[in-house]
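S.K.: next one to model:
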Amino acid sequence: MRQLLRLLGLPTLLLAVVAQAQTPITLTPQPLLSDPGRAASAAQVASAQASRQRTAALGLPFFDDFTLPRDGQPSPLRWQPAALDYPDGGGLTQHYGGGGAYVSNRLAIEPLTRGTATLDGLRANGLPYSPGSASFYSKTDTLTSLPIDLSGVSVGANVYLSYAWQAGTLAGAPVASGSSTPVYLMLEFLDNAGRWNTIWTYNAEGKTTKFRQKIFPINQASYFHAGFRFRFRASGNQASSRDAFGLDYIYLNQNRTAADTIFQDIATSRALNSPLQGYTAMPAWQYAAAGSSVLNPAMNTTVNNLLPSGNPTPISAVGTVSELTPGGFGPATWVTSNQQLLAGARQQLVQGDARTAPLPATATPRRYRYTLALQTNESNPLTLPNDSTYRDLELADYYAFDDGTAESFLPLPAVSNGPVTYYAYPITVAKSDQVKAIQLAPIFNNIALAQGGENYQNRSVIVAVWADANGQPANAPLATKAFVLPNPLPAGRVFADAIAFDTPVHVSGRFYIGFGQASGGQFLPYGYDLNDTSTTPTLFYNVQNTWSTPTVTTPGTLMMRAVMNNGVLATRPQQTANVQFTLYPNPAPTGTTVVASGPAFRQAVVLDVLGRPVWQQAAAEAGQPTLHLPASLPGGIYLVQLTLPDGRLATRRLVVE
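M.R.: Residues are numbered from 1 along each chain as shown. Now for the predicted structure:
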């Protein structure tokens, strides 16, 4: 891993800490080696497959500001789905139809509108193009339009294509393009002979840029055919997301001019920040104990006025919150505002106080959606979707500081000898509780072992809980648990299975959660969230039994979460009910049947580590000891909950692998 981190530009200081502990240290987040958050959902795959059956070409106008989808592959209504034959890193793949572009609101720096398309070295499934080499540079993502019928449009119809582009992301800049490191973004047009013609190329200069507008005429007769296409093509490092480019506000139409890059559009440009102060999620019972004081008094989003000149535009905004789970709360209003938005205004705050809409105080898990909608009196249906944004809040059984996605990673720099090295975050509970488990988001890669990659090797980790000692973790942890993180994680999973302590750890007031690595171990990257840094706590680092607060060059949040259990220990009758049952086999292979041996019971339910039902016995099989678990149940740790004839519940832990 050390070789790979050098190739990605990890500072010498951090590499030196492997051989000799040094505090304080400076940590530099690195570009992703893989991104499980990009795995396509089943619905996206179905949509992409349906788009391949399309027979009619698109017409004018063509417009996409990537407001939808909110996260995933570009819309199959306008763009060619990701191809199956990607470059293999050795130059052998000849067909390069395109794909891999990723639509999100996660990566761009001050975009024109909420949502952009990112082209980088990761495929549509979040895996690198060239896993066999950390230093290979070649073609990466493309974004290719579906066919557009220009056969009935004349050459003199003043057809233009405009777009906004950016070099780099929140995670950093692409390296400068060179003879051995071709890093560029290119625009190409498809003519009537099937040739892709280069229209524009930007060669990376080793820096990030703001979004810049470009516009090009389509004025050659060879482009006016029934199957015209345009595509953006990127080149860069094929083993990571470092060499990345952003695209936004792509517009193709006739009756335009070369100066037609001015748009009458007021749009939201990023997601709402967290409705909570200091967290992105917390246990429902802890919210009930703390009350609305933990809600965010400065909940906001940003808006842009894309008109560069003219009179200020009056706009209004309404923010509401409604419950997504059964319960019926809402809609309640957390902000109403009116303002005059100046022409050319960028990243202007629209802000409200989430405390003005207190949520119900209940210990039952709940999920809420916070929405903010602009009223701008726009009439263009193409730009109306970017006038609103939303964010969901979960009050379940865990504390989180991150938004569930990683834009870069931090390694845990273990030393060559001595005690375990740790990272830790503080949490403050409103009432006494117990830490049941800790979740981590490892970023595995399949770079060849000779170049420092994991090559599908598992990694050992130690999770821990500490009491507070004058504003930092105590020297000795309250509890630890060693665990082996399986490599790779199941497809589409960002977090590994929660690592449960042998006995829940009692905590009150301020305490700390963290994870560590034994000396002499190997690097393992962990997910680092670059969005909504208002919830980022102080990061503590322990090396050679000494705590410090390292400097992190890019603000963000290390992705680890504390799963709580509401301070409830099993009663003696409950413990007696539990031990009457055994599960076999345990661990159980995926898709097998499991036998629950013990007294009679009425119903069996399988819960995930967050207590959510993932399977239950059909009515015809209720009470039968043989549990026919579905083949789709992914590997992980589960709880089998058995309802006894007298209504009591017996619970046994089940490992599926």
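S.K.: from L187, how far off is the closest residue to G227 other than its chain neighbours?
M.R.: Take G227 and drop its neighbours on the chain: the residue closest to it by Cβ to Cβ, 6 or more residues apart in numbering is P147, 4.4 Å away. For every residue, glycine as well, the C-beta is placed using N, CA and C. Using Cβ to Cβ, to the nearest Å, P147 is found at 17 Å from L187.
S.K.: the more surrounded of those two?
M.R.: L187 (21 against 18; other Cβ atoms under 10 Å).
S.K.: in a helix, that's where the more buried one is, yeah?
M.R.: No. Looking at L187 with DSSP: H, G, I helix; E, B strand; the rest coil, it is strand, so not inside a helix.
S.K.: the residue nearest to G227 and T538: what is the separation?
M.R.: P147 is 54 Å from T538, by Cβ to Cβ.
S.K.: for Y279, same thing?
M.R.: For Y279, the distance to T538 - Cβ to Cβ - is 14 Å.
S.K.: more neighbours: which of those two?
M.R.: Set side by side, Y279 and T538 show more neighbours around Y279, with 24 against 11, by other Cβ under 10 Å.
S.K.: gap between the more buried one and L60?
M.R.: 47 Å.
S.K.: L633 too?
M.R.: To L60, L633 is 48 Å away according to Cβ to Cβ.
S.K.: could you do Q616 as well?
M.R.: Counting by Cβ to Cβ, the gap from Q616 to L60 is 52 Å.
S.K.: middle-most residue in this structure, spatially?
M.R.: In the chain, the C-alpha nearest the mean C-alpha coordinate belongs to T405, at 2.2 Å (Cα atoms, centre = their mean).
S.K.: for it, what are its contacts?
M.R.: 37, 104, 106, 494, 527, 529, 531 (Cβ atoms under 8 Å, 6 or more residues apart in numbering).
S.K.: could you redo the last one with a cut-off of 7 Å?
M.R.: Contact analysis of T405 by Cβ atoms under 7 Å, 6 or more residues apart in numbering lists 37, 106, 494, 529.
S.K.: distance of the last one relative to A171?
M.R.: As for D529, its distance to A171 is 11 Å (criterion: Cβ to Cβ).
S.K.: overlap in contacts of the two?
M.R.: In contact with both D529 and A171: E407, using Cβ under 7 Å, 6+ apart.
S.K.: and the residue nearest to G227, its phi and psi?
M.R.: When read as degrees, to the nearest 10, the backbone of P147 gives phi -60, psi 140.
S.K.: I'd say it and G59 touch.
M.R.: No. Between P147 and G59 there is no contact under Cβ atoms under 7 Å: 10.5 Å.
S.K.: ok, then the element right after the lowest-mean-pLDDT helix or strand in the chain?
M.R.: Within the chain, confidence by mean pLDDT, DSSP states H and E is lowest for helix 12-19 among all helices and strands, at a mean of 39. The C-terminal neighbour of helix 12-19 among helices and strands, as given by DSSP states H and E, is strand 26-27.
S.K.: partners of that following strand in the sheet?
M.R.: Strand 26-27 has its sheet partners listed here by DSSP bridges as strand 551-552 (parallel).
S.K.: average model confidence for the strand it pairs with?
M.R.: In this model, strand 551-552 carries a mean pLDDT of 94.
S.K.: and what of stretch 438-447?
M.R.: Mean predicted confidence for stretch 438-447 is 86.
S.K.: neighbouring contacts of that stretch?
M.R.: With Cβ under 7 Å, 6+ apart, stretch 438-447 has contacts from 4, 32-34, 131, 134, 239, 406, 409, 453-456, 459, 461, 463, 485, 487-489, 494-496, 498-499, 513, 515, 524-527, 559-563.
S.K.: stretch 144-157 now?
M.R.: Against stretch 144-157 from outside (Cβ under 7 Å, 6+ apart): 54, 57-59, 62, 78-80, 97-98, 159, 219, 221, 223-231, 254-255.
S.K.: can you list the buried residues in that stretch?
M.R.: 144-150, 153, 157 (16 or more other Cβ atoms under 10 Å).
S.K.: now the terminal residues of it, how far apart.
M.R.: Distance between the two ends of stretch 144-157: 23 Å, counting by Cα to Cα, to the nearest Å.
S.K.: also stretch 591-603?
M.R.: Span of stretch 591-603 from end to end, Cα to Cα: 20 Å.
S.K.: same question for stretch 544-561.
M.R.: 25 Å.
S.K.: do stretch 474-489 as well
M.R.: First-to-last residue span, stretch 474-489, Cα to Cα: 32 Å.
S.K.: and that stretch, how far out from the chain middle?
M.R.: 23 Å (Cα atoms, centre = their mean, to the nearest Å).
S.K.: list the buried residues for that stretch?
M.R.: Per 16+ other Cβ under 10 Å, stretch 474-489 contains these buried residues: 477-478, 480-481, 483, 485-489.
S.K.: quick check: R106 touching G556?
M.R.: No. Counting by Cβ under 7 Å, R106 does not reach G556; the two are 11.8 Å apart.
S.K.: tell me which element the residue in the chain sticking out farthest from the centre falls in.
M.R.: Distance from the centre of the chain peaks at G156, with 45.1 Å (Cα atoms, centre = their mean). Assigned by DSSP H and E, G156 falls within no helix or strand.
S.K.: now swap in A234 and tell me
M.R.: Assessed by DSSP H and E, A234 sits inside strand 230-237.
S.K.: and that strand, C-alpha only, in CSV?
M.R.: C-alpha atoms of strand 230-237 as CSV (Å, rounded to 0.1, in the frame of the first residue of the first chain):
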residue,chain,number,x,y,z
PHE,A,230,-21.6,14.3,-29.5
ARG,A,231,-19.5,13.0,-26.7
PHE,A,232,-17.1,14.1,-24.0
ARG,A,233,-14.1,11.9,-23.4
ALA,A,234,-11.6,12.0,-20.6
SER,A,235,-8.1,10.6,-20.1
GLY,A,236,-6.1,10.2,-16.9
ASN,A,237,-5.0,7.8,-14.2
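S.K.: that strand: how far from the chain's middle?
M.R.: 23 Å.
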